[in-house]
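1. I would like to see how this sequence folds:
(chains A and B)
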Amino acid sequence: MDVLYFAWVREAVGTGREQVDPPEAVRTVADLIDWLAGRSAGHAEALRDPTRLRAAIDQQFVPADAVLGGAREVAIFPPVTGG
Amino acid sequence: MIRVSVDPAPIELAMEVAALEERGAGGVATFTGIVRGDDGVTGLELEHYPGMTESALVALAESATARWSLLGVTIVHRTGRMAVGERIVFLGTAALHRREALDACAYLIDRLKTDAPFWKREHRGGTTSWVEARASDVEAAQRWKAGG
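-> Numbers count the residues shown, from 1 in each chain, chains lettered A, B, ... in the order given. The predicted model follows:
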């Protein structure tokens, strides 16, 4: 699946998009965030406090316990601040 | 009757309002958000999620037309760098009567703050900082979910 990052999450991770292939045990968004945090020091820094993060699956906002299922695109980002 | 635009170009206010006035409405309500220069802010940068941002704004506009009788809804959000005093966002609603236009316009800006993927970064001279989301924005958005 493609994982997208925005704002300070993107900056800390060091990229705005990457392709990953998580193991089957990674079922939910929260699982994915936990698993991604192990990829690099930058990931660990960006993802260490999940309460500061929000997510979307295939461009729809979802809660942390949302099941990934056949998600093609998962985005992880800070709470939005538009307008 | 729904117009959504997410674009780095400056927002053309007169053109947007004129287009709404041509919907045959009895009233047009608008909200314009402008970059504030408080706390030493010298400029703003808006990041978005291409694809999702546009579809979230269309869904927001559609939810307004489902709730109020509207002849036109316009949502224009700027992205990229902008200077203090420039327009960030324009929202406009056209309706037969003022109450629908005014209520729908207030609803759109309250919900846009929490329902569309944008992120603001403030520039102060040579330094930058990401803007934190505010609990008051979440409360303002939620008041519409109670059906009020």
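2. Looking at chain A, which residue is nearest chain B?
-> At 2.7 Å from chain B, residue A:82 is the closest residue in chain A, using Cβ to the nearest Cβ. Every residue, glycine included, has its C-beta placed from N, CA and C.
3. which ones are touching that residue?
-> B:46, B:48, B:77, B:89, B:112-113, B:116-120 (Cβ atoms under 8 Å, 6 or more residues apart in numbering or on different chains).
4. Nearest residue to residue 30 in space, please, no chain neighbours.
-> Answering for chain A, as no chain was given. Closest residue to residue A:30 apart from its sequence neighbours, by Cβ to Cβ, 6 or more residues apart in numbering or on different chains: residue A:64 at 4.3 Å.
5. Let me rephrase: I mean chain B.
-> Sequence neighbours aside, residue B:92 is the residue nearest to residue B:30 in space, at 4.3 Å (criterion: Cβ to Cβ, 6+ apart).
6. ditto for residue A:5
-> In space, and not counting its chain neighbours, residue A:5 is closest to residue A:13: 4.9 Å by Cβ to Cβ, 6+ apart.
7. pLDDT score for the one you found?
-> Residue A:13 is assigned 98 on the pLDDT scale.
8. Strand partners (parallel or antiparallel) of the strand or helix carrying residue B:122?
-> Assigned by DSSP states H and E, residue B:122 belongs to strand B:118-124. The pairing partners recorded for strand B:118-124 under DSSP bridges are strand B:43-48 (antiparallel), strand B:127-130 (antiparallel).
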